[in-house]
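Colleague: Sequence and predicted model, in that order:
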2 protein chains.
Amino acid sequence: MDWKGKRVLVTGGAGFIGSHVCDELAERGASVSVYDNFSTGFREFVRTREGVQVIEANLLDPSRLTAAMRGVDFVFHLAANADIKDNLKEPRKCIDENVVATQNVLEAMRAEGVRQVAFASTGSVYGEAAVFPTPEDAPFPIQTSLYATSKLAAEGLLSSYALGFGFSVWIFRFVSVLGPRYTHGHVIDFWRKLRRDPTRLEVLGNGLQEKSYLHVADCVAAIFTAVDRSTEAINIFNLGHTGSIRVNDSIAIIARALGISPRLDYTGGERGWVGDSPKILLDTSRIRRLGWDARKSIEESIVETLRFLRDNPYTDRRA
Amino acid sequence: MDWKGKRVLVTGGAGFIGSHVCDELAERGASVSVYDNFSTGFREFVRTREGVQVIEANLLDPSRLTAAMRGVDFVFHLAANADIKDNLKEPRKCIDENVVATQNVLEAMRAEGVRQVAFASTGSVYGEAAVFPTPEDAPFPIQTSLYATSKLAAEGLLSSYALGFGFSVWIFRFVSVLGPRYTHGHVIDFWRKLRRDPTRLEVLGNGLQEKSYLHVADCVAAIFTAVDRSTEAINIFNLGHTGSIRVNDSIAIIARALGISPRLDYTGGERGWVGDSPKILLDTSRIRRLGWDARKSIEESIVETLRFLRDNPYTDRRA
């Protein structure tokens, strides 16, 4: 796709992945609207430059959203309630902010004749997968969390609008993403706990959970590879690393990087929380067949994340 | 399960399947609350007898719903927007009435300490299935309709509440159900068109769509078999006939039963409408392993449905 001169709306454009997508779009000559309510996004993540405008607004406000959609050519819908660990505490929130909000985006697009949208889903839609690495057409999983349920519902909205209203949709099922501007997940949890007390670390579960991680630069490269080269009405891609590590291994990397040796206190059990998958490893051959591959190792991703957190203490505002 | 003396709430209890479930529950000695807004249900379907009370209210009214949930032991959540063919006309409706409404049911249950729920999902969640007969763990399908998207989201809510809040849930993925009190679907569409003009019939698609049907008595027997004998936290069952027929075959059965020979005008294409599956045939070995099997043939089901429609002209109120 030639992005030069294209008008692109990025929901969650002040967030972790969204802000990197905005940078890439600006680099490619697109005119970018950052649509964000700054509930979890950061002003510091938005590079103000020519061709980038910020709209501070909520996805649950259809009139603002529809107004923002006017004249847009392509939407990256990356805003979400990503609080996977805690969404049982407020069960309605996840459905409102991920399902109803996504339908608002699609309805605003329909109202303004916008028909191309890329969407951040999650590898969590595979629940406790029966096959590893898990391909896009793995056995139909049982949903184990409200977060994944809400993302899968949003996927279904996108594919229904593709068939019903002629949309083209790109759906990305991510593993956890790391790197600069990372703002939530277990690396930041560990980092914050260890700064408070470097002598001990509470670990949710038994530490044996096996997870795959992707560097945000690799993630963004994969997104643009897919949108540029895959032209079906409905395009679904796993995005992840071919490798995986255990939670204990990532703790070891973090401890080494910080020069500490904390005592580990496990809460026990195979899962860190209700709905946690003991193992996530995605089959990414579909996106790799388009010529993409991850360049950063998982260890590099963790170390870069720690460096970002250390150098940008403003991210603690949301701690 | 011993239903005697149990307090059971049936959402959609005045609807097609719901009213049969209520009859069976009353037969088994349960105390039944029919919760229905009568938007598609019929008062005529509710057998007023001792132990059966009717609550005319909406699922999108959380306070009425929570009040109705007080003291309940078990919920059959069967109310739904089942307008599979037309839900692209009002895309938000399906999500409100099937996803938000289901979360309202689950939240009302949580508020009142009710933890057992059976739910009517749909075989449409398999989209255009890659495997026939289609088992519960078929390859992860792409959603092709808002209706199936909304039902799959509701399934995910149920399974998330099972894991997160200790619920026990029974999820039934139905094929089309036929028989007495049938009120929507292609048999009624054909019946109404042919009464207006018995000389010709417009057929959506090419008539070659292959569908499986289940008689409502077999459906209800399967539901109670599953709830009585399957005791996992999350129980998912396909419900359908081992047989299937083409739309053309069901037209031939209808024409023969009515003693007419209409000319058939096909709108063309493999699908009757956007999101229609050209073939539905579910693998029901999971429920059959529990000792259930369909007793009625598909032809008997169609003929009984026509007899019901002929003998109960009040159903035309919703035509």
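Modeller: Perfect, thanks for sending it.
Colleague: check contacts around the residue in the stretch 201-319 of chain A positioned nearest to chain B.
Modeller: Relative to chain B, the nearest point of the stretch 201-319 of chain A is A:Val274 (4.9 Å; C-beta to the nearest C-beta). The C-beta positions use only the backbone N, C-alpha and C, and glycine is treated the same way. Applying C-beta atoms under 8 Å, 6 or more residues apart in numbering or on different chains, we find A:Val274 in contact with A:Leu88, A:Thr144, A:Ser145, B:Leu163, B:Gly164.
Colleague: Give me the number of neighbouring residues for the closest residue to the third one other than its chain neighbours.
Modeller: If I follow you right, that is A:Ser145. Closest residue in space to A:Ser145, ignoring its immediate chain neighbours: A:Gly275 at 3.0 Å, by C-beta to C-beta, 6 or more residues apart in numbering or on different chains. Residues lying near A:Gly275 (other C-beta atoms under 10 Å in any protein chain shown) number 24.
Colleague: how close does A:Val21 get to chain B?
Modeller: 24 Å (C-beta to the nearest C-beta, to the nearest Å).
Colleague: so that residue sits in a helix?
Modeller: Yes - counting by DSSP: H, G, I helix; E, B strand; the rest coil, A:Val21 is located in a helix.
Colleague: and the gap between the residue nearest to it when sequence neighbours are not counted and B:Val10?
Modeller: Excluding the flanking residues, the one nearest A:Val21 by C-beta to C-beta, 6+ apart is A:Phe76, at 5.4 Å. A:Phe76 sits 44 Å away from B:Val10, taking C-beta to C-beta, to the nearest Å as the criterion.
Colleague: Then A:Phe237?
Modeller: 42 Å.
Colleague: So A:Val32, which state does it fall into?
Modeller: Classification of A:Val32 using three-state DSSP returns strand.
Colleague: low pLDDT regions in chain A?
Modeller: Low-confidence segments of chain A (pLDDT under 70): A:319.
Colleague: close to chain B, is the top helix by length along it?
Modeller: Determined from DSSP state H, the single longest helix within chain A is helix A:146-165. Yes - counting by C-beta under 8 Å from any C-beta of the partner chain, chain B has neighbours in helix A:146-165: A:146, A:148-150, A:152-153, A:155-157, A:159-161, A:163-165.
Colleague: could you give the angle of the next helix or strand after that helix to helix A:146-165?
Modeller: Beyond helix A:146-165 on the C-terminal side, the first helix or strand identified by DSSP states H and E is strand A:168-174. Using axes from the mean of the first three to the mean of the last three C-alpha atoms, to 10 degrees, the inter-axis angle of strand A:168-174 relative to helix A:146-165 is 160 degrees.
Colleague: So which residues of chain A form strands?
Modeller: With DSSP state E, the ranges of strands along chain A come out as A:7-11, A:31-36, A:52-56, A:74-77, A:116-122, A:168-174, A:176-178, A:200-203, A:210-211, A:213-215, A:234-239, A:245-246, A:263-266.
Colleague: mind checking which of those is nearest B:Ala252?
Modeller: Comparison of those against B:Ala252 by C-beta to C-beta identifies strand A:234-239 as nearest, at 35.5 Å.
Colleague: strands paired with that closest one, and their directions?
Modeller: With DSSP bridges as the test, strand A:234-239 is paired with strand A:168-174 (parallel).
Colleague: Distance of A:Arg115 relative to A:Phe167?
Modeller: A:Arg115 is 5 Å from A:Phe167, where distance means C-beta to C-beta.
Colleague: number of nearby residues for the residue nearest to A:Phe237 when sequence neighbours are not counted?
Modeller: Nearest residue to A:Phe237, sequence neighbours excluded (C-beta to C-beta, 6+ apart): A:Ile287, at 4.7 Å. Using other C-beta under 10 Å, A:Ile287 is surrounded by 25 other residues.
Colleague: what's the answer for the one 10 residues further on, then?
Modeller: When neighbours are defined as other C-beta under 10 Å, A:Ser297 has 14 of them.
Colleague: quick one, phi/psi of it?
Modeller: Per-residue torsions, A:Ser297: phi -80, psi 160 (degrees, to the nearest 10).
Colleague: wait, doesn't it sit right on A:Ile245?
Modeller: No - counting by C-beta atoms under 8 Å, A:Ser297 does not reach A:Ile245; the two are 9.8 Å apart.
Colleague: the domain parsing of chain A - what is it?
Modeller: A:7-177+A:213-239, A:179-212+A:243-318 (automatic domain parsing).
Colleague: Using a markdown table, lay out those domains together with distance to B:Ile253.
Modeller: As requested, the domains of chain A are exported to a markdown table (distance: least, C-beta to C-beta, whole Å):
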| stretch | distance to B:Ile253 |
| --- | --- |
| domain A:7-177+A:213-239 | 30 |
| domain A:179-212+A:243-318 | 44 |
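Colleague: Mean neighbour count, those: which tops it?
Modeller: domain A:7-177+A:213-239 (a mean of 21; mean count of other C-beta atoms under 10 Å in any protein chain shown).
Colleague: can you tell me which residues contact A:Glu304?
Modeller: A:Leu178, A:Gly179, A:Pro180, A:His215, A:Lys296.
Colleague: so what's the closest residue in space to the fourth one that isn't next to it in sequence up against?
Modeller: With C-beta to C-beta, 6+ apart as the criterion, A:His215 has its nearest non-adjacent residue at 3.8 Å, and that residue is A:Lys296. When the contact criterion is C-beta under 8 Å, 6+ apart, the partners of A:Lys296 are A:Gly179, A:His215, A:Ala217, A:Asp218, A:Glu304.
Colleague: Tell me the one of the residues you listed nearest B:Arg200?
Modeller: Checking these one by one against B:Arg200 (C-beta to C-beta), the nearest turns out to be A:Asp218, at 60.0 Å.
Colleague: And the nearest residue to the closest one once chain neighbours are set aside, how far from B:Val274?
Modeller: Leaving aside its chain neighbours, A:Asp218 sits nearest to A:Ala294 (4.4 Å; criterion: C-beta to C-beta, 6+ apart). According to C-beta to C-beta, A:Ala294 and B:Val274 sit 37 Å apart.
Colleague: how near is A:Val131 to A:Gly123?
Modeller: 13 Å.
Colleague: anything in contact with each of the two?
Modeller: With C-beta under 8 Å, 6+ apart, A:Val131 and A:Gly123 have no common neighbours.
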